[in-house]
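> Sequence first, then the predicted structure:
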Amino acid sequence: MLTQEQKEIFAAKGLLRLEKFLPPDTVRSVQEFMYQLGAKEGAWRNGVWQLAETSERPEFTKPISKKEFNILTTPALRAAMNLLVDGQGVEARSNPSLLFTLPQAGPWTMFNSWHTDAPRQAHGGIPGVQMFTFLEPVRPRGGGTLVVTGSHRLVNNAKFIRSRDVKKRLLQYAYFQALLAKEQPNPDRYLTTPGSVGDVELQVVELHGEPGDVYLMDLRLLHTGSSNTTTTPRFMVTQRYYLESTTHWIKRA
């Protein structure tokens, strides 16, 4: 059961971290299945990932149709998401996706692919929740997704705005003009120094953690990927859950 404080954090920031939330046996079952898949491809051998440090495609998102990954949506997780949308209930509209990022040489960078996964609705409310969890430890600067907490509270101006147009609207603010600039000589500063638009505090947060940890994210948050400067690949699973009332809006996204 979530506390009132956790609900308030989610309302203000659009992001909530739940440490050690998933049962260890559930996580272990999914890990073992992932290792089996890796072994078939020759990528998991003798308890070590056999992956090159460089690749033409260092990051990818892969939809997973295997039922073995669906057990991550535990009754407790579904209950937590329903609480965050005031009991309206959410449902997955697609299979989970595997997020994978290979280690890369060079300085840590933010990928210039900022986006949202849902449109702004005319009523300005939350369209759904996205779940992120870890199949192996993901360290800081380890390729974790980056989100701008607080960004879900902006451009909710009683108009329908397509997902691809939300970023354009955010560029009216100085904070996003700097964040979304093509050249970022010191991207780390966004992780340590918050910004603001009016009374809305903004902060770039890197999703890192341990197997069993869960992040729940308002689908309106602006987010992107980042490079992996550690020595191990990033393995995360994500899935989007939408309110039933948002179905016709999502199709127009």
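Nice, I can see it. Residues are numbered from 1 along each chain as shown.
> Show the contacting residues for the nearest residue to residue 227 once chain neighbours are set aside.
Nearest residue to residue 227, sequence neighbours excluded (Cβ to Cβ, 6 or more residues apart in numbering): residue 109, at 4.7 Å. C-beta coordinates here come from the backbone N, C-alpha and C atoms, glycine included. Each residue near residue 109 by Cβ atoms under 8 Å, 6 or more residues apart in numbering is listed here: 184, 187, 226-227.
> so which of those would you say is closest to residue 130?
When the contacts of residue 109 are ranked by distance to residue 130 (Cβ to Cβ), residue 226 comes first, at 16.8 Å.
> Okay, and the beta partners of that closest one?
residue 110 (DSSP bridges).
> list the contacts for it?
Neighbouring residues of residue 226 by Cβ under 8 Å, 6+ apart: 108-111, 141, 143-146, 206.
> List only buried entries from the residues you listed.
108, 110, 141, 143-146, 206 (16 or more other Cβ atoms under 10 Å).
> Farthest-apart pair in the residues you listed, please.
108 and 145 (13.9 Å).
> Please enumerate the helices of the stretch 1-150 of the chain.
With DSSP state H, counting those that start in this stretch as the criterion, the stretch 1-150 of the chain has helices at 4-13, 24-40, 75-84.
> list the buried ones in the last one?
In terms of neighbour count (16+ other Cβ under 10 Å), helix 75-84 has its buried residues at 77-78, 80-84.
> Now residue 153: closest residue in space that isn't a chain neighbour?
Leaving aside its chain neighbours, residue 153 sits nearest to residue 200 (5.0 Å; criterion: Cβ to Cβ, 6+ apart).
> Give me the neighbour count for that neighbour.
16 (other Cβ atoms under 10 Å).
> if I look at it, how far off is residue 11?
12 Å (Cβ to Cβ, to the nearest Å).
> Quick one: residues contacting residue 166.
116, 119-120, 155, 220, 222.
> Just the element for it, please.
Using DSSP states H and E, residue 166 sits in helix 163-170.
> Please spell out which residues along the next helix or strand after that helix are buried.
Sequence order places helix 174-179 as the next helix or strand after helix 163-170, per DSSP H and E. Buried residues in helix 174-179, counted by 16+ other Cβ under 10 Å: 175-176, 179.
> Now find how far off-centre helix 174-179 is within its chain.
21 Å (Cα atoms, centre = their mean, to the nearest Å).
> For whatever helix or strand comes next after it, enumerate the helices and strands it packs against.
Beyond helix 174-179 on the C-terminal side, the first helix or strand identified by DSSP H and E is helix 189-192. If you count contacts as 3 or more Cβ pairs under 8 Å, 6 or more residues apart in numbering; DSSP states H and E, helix 189-192 packs onto strand 200-206.
> can we see that at 10 Å?
Here helix 189-192 touches strand 146-149, helix 174-179, strand 200-206, going by 3 or more Cβ pairs under 10 Å, 6 or more residues apart in numbering; DSSP states H and E.
> Tabulate these (JSON lines), appending distance to residue 1 and mean pLDDT.
Converted to JSON lines, these look like this (distance: least, Cβ to Cβ, whole Å; pLDDT from 0 to 100):
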{"stretch": "strand 146-149", "distance to residue 1": "23", "mean pLDDT": "98"}
{"stretch": "helix 174-179", "distance to residue 1": "35", "mean pLDDT": "96"}
{"stretch": "strand 200-206", "distance to residue 1": "24", "mean pLDDT": "98"}
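> okay, these in a markdown table with distance to residue 213 next?
Below are the helices and strands packed on helix 189-192 laid out as a markdown table (distance: least, Cβ to Cβ, whole Å):
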| stretch | distance to residue 213 |
| --- | --- |
| strand 146-149 | 15 |
| helix 174-179 | 26 |
| strand 200-206 | 13 |
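> Now do the contacts for the nearest residue to residue 137 once chain neighbours are set aside.
Among residues not flanking residue 137 along the chain, residue 210 sits closest, at 5.4 Å (Cβ to Cβ, 6+ apart). Listed by Cβ atoms under 10 Å, 6 or more residues apart in numbering, the contact set of residue 210 reads 19-20, 27, 133-134, 136-139.
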